[in-house]
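Visitor: Sequence and predicted structure are below.
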Amino acid sequence: MPPAPLQRHIHVACAIIEHGGLVLAARRGEAMSMPLVWEFPGGKIEAGETPRQCLRRELMEELGIAISVGAALEPVTHDYPSFTVTLYPFVCTMERGEITLHEHAAIAWLAPEALPSLEWAAADGPILENYLGQRR
Ligand SMILES: Nc1nc2c([nH]c(=O)n2[C@@H]2O[C@H](COP(=O)(O)OP(=O)(O)OP(=O)(O)O)[C@@H](O)[C@H]2O)c(=O)[nH]1
């Protein structure tokens, strides 16, 4: 049998935005792939773009805010049934702008320890663990 073809592998930057001791979670919209699960806002890194540039672009596009991108957390790779994703998380702060939902169904500001109570995209489990672990 011929080897199975490698599945699509995407590279996604995502923002853990801290504000006043809370963290921003965003619920994916009905029209997005993987609808209604919670995620850290962000998106696919485009050719010629650094993950940090990608995040500043995506946060302006998706939520209408300018962010300052801080420390990088460990990247996480996850195999979904039809594609593989590597997530590049960064701890961020808001610089200016008011949040407007252009794609997401909802946002929530949660205390860090309350984040695991949401239904997250499957790839995000290790990000939550790493983020909560490095705060201890
Ligand atoms: N932004 C973000 N994406 C995540 C997270 N976790 C996770 O599995 N993903 C997946 O990474 C991909 C991000 O791509 P995206 O948001 O730019 O694109 P999309 O799939 O909505 O758009 P598309 O349908 O045009 O491909 C999605 O498949 C999303 O489900 C996360 O915490 N943040």
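Guide: Perfect, I can see it now. This structure is a prediction, so every number in the text was calculated from the model and none was measured.
Visitor: mind checking the end-to-end distance for stretch 24-34?
Guide: The first and final residues of stretch 24-34 sit 19 Å from each other (CA to CA, to the nearest Å).
Visitor: Please list the outside residues in contact with it.
Guide: By CB atoms under 8 Å, 6 or more residues apart in numbering, the residues outside stretch 24-34 that reach it are 15-17, 35-41, 62-63, 103-110, 115, 118, 121. For glycine as for every other residue, the C-beta is placed from the backbone atoms N, C-alpha and C.
Visitor: which of those count as buried?
Guide: Among the contacts of stretch 24-34, those buried by neighbour count (16 or more other CB atoms under 10 Å) are 15-17, 37-41, 62-63, 104, 107, 110, 115, 121.
Visitor: Of these, just say which sits nearest to T50.
Guide: A15 (13.9 Å; CB to CB).
Visitor: could you list every residue that touches that closest one?
Guide: Contacts for A15 (CB under 8 Å, 6+ apart) come out as 24, 40-42, 55, 58-59, 67, 69, 89-90, 92.
Visitor: mind redoing it with 6 Å?
Guide: Going by CB atoms under 6 Å, 6 or more residues apart in numbering, A15 touches 40-42, 55, 59, 92.
Visitor: just to revisit the earlier point, tell me, which of the buried ones among the contacts of stretch 24-34 make contact with the ligand?
Guide: Restricting the buried ones among the contacts of stretch 24-34 to those touching the ligand (CB under 6 Å from any ligand atom) yields 39-41, 121.
Visitor: Greatest separation within those residues: which pair is it?
Guide: Largest separation among these by CB to CB: P41 and A121, giving 11.8 Å.
Visitor: Could I get the full set of strands for this structure?
Guide: 9-19, 22-27, 38-39, 42-44, 66-72, 76-79, 84-96, 106-110 (DSSP state E).
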